[in-house]
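*Asks:* quick one: sequence plus predicted model below, questions after.
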Amino acid sequence: MRRIMGLVVLVVFAVTSLVYAQGMPYKGVRITVALRSLPETDFIVSKLAEFKMMTGINVQIVTYPEQQLREREVIDVSTGAGAYDVLAIDSVFIPEFAKAGWITPLEPYLDPEYNVEDISAFVRGLLSYEGKIYAGPVYSEATQLMYRKDLFEEAGLAPPQTMEEYEEYAKKFTRPPDLFGVAMRGLRGNGMNIYIWSEWLWSYGGKYFDENWNPVFNSPEGVLATENYAKLLQNYGPPGVATYGWDDVQNAFTSGKVAMIIDATNFYTRIEDPTKSAIAGKIGYAVVPAGPAGRFPGNYSLGFAISAVGAKTEAERGAAAEFIKWATSQDIELGKALQANIISVTRDSVFNDPAFQAKFGGDWLTSTVESFKITDPGYRPLIEEWREIGDRLGIAVENVIAGIQPVQEALNEAALYAAEVLMRTGKLKK
Amino acid sequence: MERRTVLKKTFAYLFVISVLVLLYFPVYWLITMSLKVRIDIMSIPPRWFFQPTWGNFAWLFHHYNLQNAVVTSIIVALSATLISLALGIPCAFALARFAIPRKKDVEFWIATTRMLPPVSVIIPFYFIWMSLRLLDTRTSLVMTYLVINLPLIIWIMMGFFRALPRELEEAARVDGASRWSSFLKITLPLALPGIGASSILSFIFNWNEFFFAFVLTTTNRTLPVEVASFMAVGLEVKYGEMAAAGVLASIPSLIFAILARKLIVTGFRGIAGFTMK
Amino acid sequence: MTVRQTYMDGKRFFSGLSENVWLMFLPALIILVLVTLPPFFYTIYLSVHDIDITKPYLGRNFIGLKNFATIFSDHRAIGSFTNTAILIGGMVVVEFVLGLLLALVIDSFFKKATWLVTLIIIPMTFPRVVIGLVWRIMLNPIVGVVNYLLQPVGGGPVDWLARPTWAMFSIIMVDVWQWTPFMLLMILAGLQSLPKEPFDASRVDGAGDFHVFRFITLPLLQPIIVVAIVFRLIDALRTFDIVYILTRGGPGTSTETVDIFAYYMGISEAGRISYAASVSLIVLYVTIILITLFLRFSRQWREELY
């Protein structure tokens, strides 16, 4: 006991003396960050030397591809291995990680300088669980309509404002094999087809759960929404669209074979790059079309959170928080946009920056800002059971698009599964 | 009769040529993809003639610690193969030559270890390596790969040894040689083709293994894991870069296969020889 | 006592004289036991509990054999077993037929061309991940080269990976592409180590090609065929990477193999590691039973051939 006390005193003394000595409370602390390689994170990594100079913290980066990042993190924290101090987490999984106690709230570490209010409201919503903010955003996006301006002008059309118009124009532009009306994600997954499909669910007046957590996405509205989504892709989508991920949507669009897509606002930089896109300069941007219940652009954010399993000591947690605050600060955000042409803006101040507006003006900016404003963080339910439910739903929707299963049956099966999951966790009473 | 032979020969040639074309078209596609810029990769009709670029390869060496992955892959694949050979060959010899209690059961059990579904053992493996503080080390990968290699090597070599005549060993034993020395000096050289075949097979398995390497390592990643990570880098799938990495990843086992082609063929002939006895 | 007796006398092992034999035999066995048994028992432990790694707050409850019972009422699980059977069956049969045909052709017309064999086995050495990615791009329905090349032959654009039957076909095709050479290698090796006499005798009798193949080559070749098929069967069971990269089990769940299903259930889609463990234990048992049956059946087959 005495030895431990001695140790504590020693540590406290060492830490405080460091604070007073250099103003670098976490000098020499090593932290490991698990992330996925994005232009955003690449930019942050390229500035790490500055961070080290400012704080004395050593940062080690481990990179994973999109689908594998979450799996690796889950294995790491659930087995208690704790190799990472900072986890990059998709916004939809924040509740899962928070509920399991794998990440700690970021709130206690935030300071006025960080200006958390500047982070777009929906992003703050996405990264919070039970009212507490758990992560700092590295990346955020909404969904929007992207269309071939040249084709629309030729046909004398304005971008579609309603779901009916969207379907009508899709039909008009479909002349296989050279051109298809639409391309959207068909591939199963809570972040794949369900990311876009949810817009249809909400637009047609459907919802995920009722107030008692009964899954109701198999209601008549949900069925109609799914039928329409599947119909669009089956009739006016390119072949293979039932298994399209976002990359396939992007490829089909940039190859010039598709007239309209609904996908992430961040496609902008790739689809406007002439070395990557055959349609650069020919693209128009607009807010997603409205259904009977309104417009529902989707949303997503990637955040950095402190691993409660990896960052075991207060020093590690503090250093991790320092890193997150720095990596998602206003300066870095603006730097990303202006120096590296990264437009996954997470802070309102960047949108309002004159230099940013000069660089990325036009209909992309107006449509993106508007989409950010109207999008709802609950677009995909922010619950810890989301992944299982969303993935199972993704299978159902893909089955419908591929013509494997009738709509009602597919959705019923997914709803049954969702109910089972919610009962296991006790949300849904038997 | 003469005409029929000609006809048969023509068919045989056509068959073999079409097989070769089908086999090598994807290889050709992989190589050209690694030399194309993105817009050329994605264009239809395909650009058969294009301005080749080294950009994809250059990107690899700038953006990724690919050298590290190459080194890890080589070390892991080689040491797993060598250790399995060192352990497996004597074991196979013992099983082939001596009366070991419950031999049939032991042999069958060894074969079943190779049937363990990787997905079911991956979490246990993760726990075990973690508690031994060996997670994310080359050692843990090598140990894991032993499970894939040992049964293969033992089974192939067992057959080989059974096919070899015992008389030579017996003669050596009568002359006073120990079991080990008769094994090392007489039997082993005769079994060389079999050793060649089984070591090449296990090297190829190790070099190409994806699932265990993917889950068990974070910083010590092998080449296939690095290649797969190109599936989604940033917001685009880097096809060209991926193809370039694929070309690089294929070279070592390719060289191995070409250098050892004689061994492979005779080795397989040996396997065939024993099975058909 | 003669040397031969020493070889044969099992009791000698325990009498201290033969520690050399143990020294040869045990290290490999000990390593195998150490590396395979703990995970195996842990899997059994998992399978009789209800553990969700993503929901630590639900605890670890012992539920006996309930997981196994659930499997039989789970459409998706059953489907994954059927898919696996179709895939493996398709792969091994096509690879065997093609490999046999190729081996016969090479053996009769290209006996001296060793370079040909080398050329054919090279694709086998490519990392499966790479193979999967290349084919995925080539099979892309609109920007892929396969559909482009099929156009003039009258093939409309085929949805290679987005229609259940085509997706299954594509996976089998890619595996056949990579693993037929293995079959070829085994069978060719078999052909080349056949004794000459029966063939010369039949030639004298004036037997036709097919007759020779059916009544002489096939029976002689049967054991190596069995070994080749067992090898491929065991390996085809772990066709994880190709499926994962080509279709990820889709469209829907129509190409979901047991491995992919267990992976989704246990790690990727849900955290139900216990359920995944039970599924893979069933795979293990079914594999062992099937292979035992196959070996028994092949012995019968051999007797029928003669």
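*Replies:* That came through fine. Numbers count the residues shown, from 1 in each chain, chains lettered A, B, ... in the order given.
*Asks:* how close does the residue nearest to B:Pro52 when sequence neighbours are not counted get to chain C?
*Replies:* Spatial nearest neighbour of B:Pro52, chain neighbours left out: B:Leu35 (4.1 Å); criterion: CB to CB, 6 or more residues apart in numbering or on different chains. The C-beta positions use only the backbone N, C-alpha and C, and glycine is treated the same way. Plainly put, B:Leu35 is 14 Å away from chain C if you go by CB to the nearest CB, to the nearest Å.
*Asks:* ok, A:Tyr417 touching A:Asp391?
*Replies:* No - between A:Tyr417 and A:Asp391 there is no contact under CB atoms under 8 Å: 9.7 Å.
*Asks:* wait, C:Gly190 sits on C:Gln222?
*Replies:* No - when contacts are counted by CB under 8 Å, C:Gly190 is not listed as touching C:Gln222 (9.2 Å).
*Asks:* which of the two has more residues huddled nearby?
*Replies:* Between C:Gly190 and C:Gln222, counting by other CB atoms under 10 Å in any protein chain shown, C:Gly190 is the more crowded of the two (28 against 21).
*Asks:* secondary structure element for the more buried one?
*Replies:* Assigned by DSSP states H and E, C:Gly190 belongs to helix C:164-192.
*Asks:* could you do C:Leu133 as well?
*Replies:* helix C:128-138.
*Asks:* only C-alpha atoms, please: export that helix in CSV.
*Replies:* Backbone C-alpha positions of helix C:128-138 (Å, rounded to 0.1, in the frame of the first residue of the first chain) are rendered in CSV as follows:
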residue,chain,number,x,y,z
ARG,C,128,-6.4,-15.1,-54.0
VAL,C,129,-7.1,-11.6,-52.9
VAL,C,130,-5.5,-10.3,-56.1
ILE,C,131,-7.4,-12.8,-58.2
GLY,C,132,-10.7,-11.8,-56.7
LEU,C,133,-10.1,-8.1,-57.3
VAL,C,134,-9.1,-8.5,-60.9
TRP,C,135,-12.1,-10.6,-61.7
ARG,C,136,-14.3,-8.2,-59.9
ILE,C,137,-13.3,-5.5,-62.2
MET,C,138,-13.4,-7.6,-65.3
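*Asks:* in stretch B:158-170, what's buried?
*Replies:* By neighbour count with 16 or more other CB atoms under 10 Å in any protein chain shown, stretch B:158-170 contains the buried residues B:Met158, B:Gly159, B:Phe160, B:Phe161, B:Arg162, B:Ala163, B:Leu164, B:Arg166, B:Glu169, B:Glu170.
*Asks:* poorly predicted segments of chain B, please.
*Replies:* For chain B, the stretches with pLDDT under 70 are B:1, B:63-65, B:230-236, B:270-277.
*Asks:* find the closest residue to chain C in it.
*Replies:* Relative to chain C, the nearest point of chain B is B:Ser120 (3.1 Å; CB to the nearest CB).
*Asks:* contacting residues for that residue?
*Replies:* Taking CB atoms under 8 Å, 6 or more residues apart in numbering or on different chains, we find B:Ser120 in contact with C:Pro39, C:Thr43, C:Ala262, C:Ala276, C:Ala277, C:Val279, C:Ser280, C:Leu281, C:Val283, C:Leu284.
*Asks:* check these and tell me the two furthest apart.
*Replies:* Taking CB to CB, the two most distant members of these are C:Pro39 and C:Val279; they sit 15.4 Å apart.
*Asks:* the two: which has the busier surroundings?
*Replies:* Taking other CB under 10 Å, C:Pro39 and C:Val279 do not tie; C:Val279 has more neighbours (29 against 21).
*Asks:* and what about A:Glu409, helix, strand or coil?
*Replies:* helix (DSSP: H, G, I helix; E, B strand; the rest coil).
*Asks:* show the pLDDT at it.
*Replies:* A:Glu409 is assigned 96 on the pLDDT scale.
*Asks:* same check, this time on A:Leu7
*Replies:* Reported pLDDT for A:Leu7: 55.
*Asks:* please report phi then psi for the residue in the stretch 251-400 of chain A that chain B sits nearest to.
*Replies:* The nearest approach of the stretch 251-400 of chain A to chain B comes at A:Lys276, 5.0 Å away (CB to the nearest CB). Note on A:Lys276: backbone dihedrals following degrees, to the nearest 10 are phi -120, psi -10.
*Asks:* and for the one 3 residues further on?
*Replies:* Dihedral pair for A:Ile279: phi -120, psi 20, per degrees, to the nearest 10.
*Asks:* burial count for it?
*Replies:* Counted by other CB under 10 Å, the residues lying close to A:Ile279 total 20.
*Asks:* so the spatially most central residue of chain A: helix, strand or coil?
*Replies:* Nearest residue to the geometric centre of chain A (CA atoms, centre = their mean): A:Tyr300, 2.5 Å. Per three-state DSSP, the local secondary structure of A:Tyr300 is strand.
*Asks:* where does chain C dip in pLDDT?
*Replies:* Applying pLDDT under 70 to chain C flags the ranges C:1-19, C:155, C:306.
*Asks:* any idea which helix is longest in it?
*Replies:* What stands out as the longest helix in chain C, according to DSSP state H, is helix C:75-109.
*Asks:* report all helices and strands that that helix contacts.
*Replies:* helix B:2-34, helix C:66-73, helix C:114-121, helix C:164-192, helix C:218-236, helix C:258-263, helix C:273-305 (3 or more CB pairs under 8 Å, 6 or more residues apart in numbering or on different chains; DSSP states H and E).
*Asks:* quick check: closest non-adjacent residue to A:Glu398.
*Replies:* Spatial nearest neighbour of A:Glu398, excluding adjacent residues (CB to CB, 6+ apart): A:Arg188 at 4.1 Å.
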